[in-house]
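[1] based on what follows, work out the 3D shape:
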Amino acid sequence: VLNDAMVAEARAKELSFFYSKGVWVKRPHGMAISRTGRPHISVRWVDVNKGDDVNPTYRSRLVARELKAIDKSNNSYFAPAPPLEALRTVLSSAMTRIGNHQPVWDPAGPTRTQISFIDVNRAYFNAKIDPESTPVFVELPREDADCGAKCAQLLRHMYGSCGAADGWQEGYSTMLLSLGFAQGESCPHVLWHQAKDICCSVHGGGFTSSGACLELDWMEAEIAKHYEITVQPRMGPGPNDAKEGRSLNRVVRWLDGRIEYEADPRQSE
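    Next comes the predicted model:
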């Protein structure tokens, strides 16, 4: 059972992102039908405790209900998700020496290999909607003072809208390609920077990368120029490097001579 007060706080925080990011602009209630011939899209809250009862981490997402289980429009809404091998490729890259790829495991080395964990906050909000496309209208949540009197026209994608995942992938991949990365042929979510020898896997808003510490400094700084990010402590062999991190809710550990990962322990709980 979720705590009502903590849910209300999480919802208020989510709405503050909508306003600060300019996700929508409010319109007269009947504009959706007059512009598109259809009523505005309903929304719902998805509330979850990402932590546990001892260490709660509440998160609320306002989700558009545009995607339906049965779609009769014949449109394709495909957004590829990376397999687990994408994450394993990054971890293997930090532990494998082959050819010119020579990771440095010296704890005191200034170019020692590390693993970086970056989370882009509210990733889909960074994908702008093409102004030339058909406008998308959603209802306002009841927490908004204009709920019932107005609707909202999306200027950026939100969770649950048809083009959200595809728009975000197009945005971040274009950004990484501009930095010199190349996308994998078998999985477009795995990228490699040949000159800097960085291997990166992207799943949703999570970037997991392995490479030399100085090169990862450069990568994190470049991504921060484009997105609002949260960076976990860098994992590596150094005495001050983190020895544990999280990716895709999995626990990743840097141990003596190897890296291991564990499935989300909360699943067994």
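[2] which positions within the helix ranked longest in the chain qualify as buried?
    Scanning the chain for the helix with the most residues, using DSSP state H, yields helix 4-21. Buried residues in helix 4-21, counted by 16 or more other Cβ atoms under 10 Å: 7, 10-11, 14-15, 18, 21. All C-beta atoms are positioned from the backbone trio N, CA, C, and that covers glycine.
[3] all strands for the stretch 151-269 of the chain, in order.
    182-183, 190-193, 198-203, 206-212, 229-231, 244-247, 250-255, 258-262 (DSSP state E, counting those that start in this stretch).
[4] I'd say R61 and R11 touch.
    No: applying Cβ atoms under 8 Å as the test, R61 and R11 come out as separate, 9.4 Å apart.
[5] need the overlap of contacts for the two.
    W45 (Cβ atoms under 8 Å, 6 or more residues apart in numbering).
[6] give the residue farthest from the middle of the chain.
    Centroid-distance maximum for the chain: S34 at 34.3 Å, with Cα atoms, centre = their mean.
[7] so that residue, which state does it fall into?
    Here S34 is helix, with the state taken from DSSP: H, G, I helix; E, B strand; the rest coil.
[8] before we move on, back to that, closest to R258 among the buried residues of helix 4-21?
    Lowest distance from R258 to those (Cβ to Cβ) belongs to A10, with 37.7 Å.
[9] contacts only, for the closest one.
    Contacts here follow Cβ under 8 Å, 6+ apart; on that basis A10 touches 47, 58-60.
[10] returning to what we had before: now render the buried residues of helix 4-21 as JSON lines, adding pLDDT and distance to H101.
    Shown next, in JSON lines, are the buried residues of helix 4-21 (pLDDT from 0 to 100; distance: Cβ to Cβ, whole Å):
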{"residue": "V7", "pLDDT": "96", "distance to H101": "47"}
{"residue": "A10", "pLDDT": "95", "distance to H101": "43"}
{"residue": "R11", "pLDDT": "96", "distance to H101": "46"}
{"residue": "E14", "pLDDT": "93", "distance to H101": "42"}
{"residue": "L15", "pLDDT": "93", "distance to H101": "46"}
{"residue": "F18", "pLDDT": "91", "distance to H101": "43"}
{"residue": "K21", "pLDDT": "87", "distance to H101": "39"}
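[11] pLDDT score for the closest residue to V25 other than its chain neighbours?
    Counting by Cβ to Cβ, 6 or more residues apart in numbering, Q153 is the residue found nearest to V25 once chain neighbours are left out, at 5.4 Å. Q153 carries a pLDDT score of 96 in this model.
[12] who does Q153 bridge with?
    Beta bridges link Q153 to V25, F137, judged by DSSP bridges.
[13] next one: it relative to G22, how far apart?
    Computed as Cβ to Cβ, to the nearest Å, the Q153 to G22 distance reads 11 Å.
[14] now R258
    46 Å.
[15] point out where the stretch 51-200 of the chain drops to low pLDDT.
    By pLDDT under 70, the low-scoring segments of the stretch 51-200 of the chain are 67-80.
[16] ranges for the strands of the stretch 1-150 of the chain?
    For the stretch 1-150 of the chain, the strands defined by DSSP E, counting those that start in this stretch occupy 24-28, 43-49, 58-64, 113-120, 137-139, 150-154.
[17] what sits up against the fourth one?
    Translated: strand 113-120. With contacts defined as Cβ under 8 Å, 6+ apart, strand 113-120 is touched by 90-91, 94, 103-105, 126, 172, 205-213, 216, 219-220, 223, 227-232, 234-238, 241, 245-247, 252, 254, 259.
[18] same check on the shortest one?
    Outside strand 137-139, the residues that touch it by Cβ under 8 Å, 6+ apart are 24, 27, 31-32, 35-36, 40-43, 64, 147, 151-154, 158, 161.
[19] with only the CA atoms kept, save the longest helix of the chain in CSV.
    Extracted in CSV, the C-alpha atoms of helix 4-21 (Å, rounded to 0.1, in the frame of the first residue of the first chain):
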residue,chain,number,x,y,z
ASP,A,4,-0.9,9.0,0.1
ALA,A,5,1.2,11.9,1.2
MET,A,6,4.3,10.6,-0.6
VAL,A,7,2.3,9.9,-3.7
ALA,A,8,1.0,13.4,-3.7
GLU,A,9,4.5,14.8,-3.4
ALA,A,10,5.8,12.6,-6.2
ARG,A,11,2.9,13.7,-8.5
ALA,A,12,3.6,17.4,-7.7
LYS,A,13,7.2,16.9,-8.6
GLU,A,14,6.3,15.3,-11.9
LEU,A,15,3.9,18.1,-12.9
SER,A,16,6.7,20.6,-12.1
PHE,A,17,8.8,19.0,-14.8
PHE,A,18,5.9,19.3,-17.3
TYR,A,19,5.7,23.0,-16.7
SER,A,20,9.4,23.7,-16.5
LYS,A,21,10.1,21.6,-19.7
